[in-house]
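Novice: Quick one, structure for this:
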Amino acid sequence: MAPAASMLRAEAGLGALPRRALAQYLRLLRLYPVLTKAATSGILSALGNFLAQMIEKRRKKENGSQKLDVSGPLRYAIYGFFFTGPLSHYFYLFLERWVPPEVPLAGVLKLLLDRVLFAPAFLLLFFVVMNFLEGRDAAALAARVRSGFWPALQMNWRVWTPVQFINVNYVPLQFRVLFANLVALFWYAYLASLGK
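Specialist: All right, here's what the predicted structure looks like:
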């Protein structure tokens, strides 16, 4: 009987791990909201780039000896930590203050502000920062913006409009950056594929 009891305790301990991790995350979110969102954004952005590389590698059917580019996830981690997390945190706060829930059609107004103002500016910032982190010059940035900005913005509007509608209307404020980052794993995979 003793082995069965210890096995049950071990299983209960494993089940408690996600609850403890969530409790710790919520604690950090309460104490250090911007830093927690920045760190989460950095990690998930890096994972998005890693995912893009894995998808690209599989699509090209490259052999396992081909190494992944570690500078890609590092660039995305920097972008997520210094830009995505903090800017998204403050933008969602701005939306809540500027368009309170009692305003008629508040959800639609928040979505329009996000889609028409934030999305293009944030996407352009992405191009600028990535160009800088890759050590490219202004001519390379101009070429990348000319060839990739409009298609990326159109894809952003298609993919992110329903996501952001859910995010700004139904996700609690403190979880909006996390929600967007989880969806962004795949979005960053798409953006990373533009640079290839």
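
Novice: quick one, phi psi at residue 101?
Specialist: phi -60, psi -30 (degrees, to the nearest 10).

Novice: for this protein, which spans come out with low pLDDT?
Specialist: By pLDDT under 70, the low-scoring segments of the chain are 1-15, 62-66, 188-196.

Novice: Residue ranges of each domain in it, please.
Specialist: 1-31, 34-194 (automatic domain parsing).

Novice: Tell me which residues touch residue 53, please.
Specialist: 68, 69, 72, 73, 192 (Cβ atoms under 8 Å, 6 or more residues apart in numbering). Glycine gets a C-beta too; all of them are placed from N, C-alpha and C.

Novice: so how far is residue 75 from it?
Specialist: 12 Å (Cβ to Cβ, to the nearest Å).

Novice: Pick the most deeply packed of the domains of the chain.
Specialist: domain 34-194 (a mean of 16; mean count of other Cβ atoms under 10 Å).

Novice: Specify the local secondary structure of residue 67.
Specialist: coil (DSSP: H, G, I helix; E, B strand; the rest coil).

Novice: who's in contact with it?
Specialist: Neighbours of residue 67 in contact, by Cβ under 8 Å, 6+ apart: none.

Novice: And the helices in the chain, which stretches?
Specialist: Under the criterion DSSP state H, the chain contains helices at 2-31, 33-59, 71-79, 85-98, 106-113, 119-133, 138-170, 176-194.

Novice: hang on, the earlier thing: need the contacts of residue 53 in a markdown table with distance to residue 138, can you?
Specialist: Formatted as a markdown table, the contacts of residue 53 follow (distance: Cβ to Cβ, whole Å):
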| residue | distance to residue 138 |
| --- | --- |
| 68 | 29 |
| 69 | 23 |
| 72 | 22 |
| 73 | 25 |
| 192 | 22 |
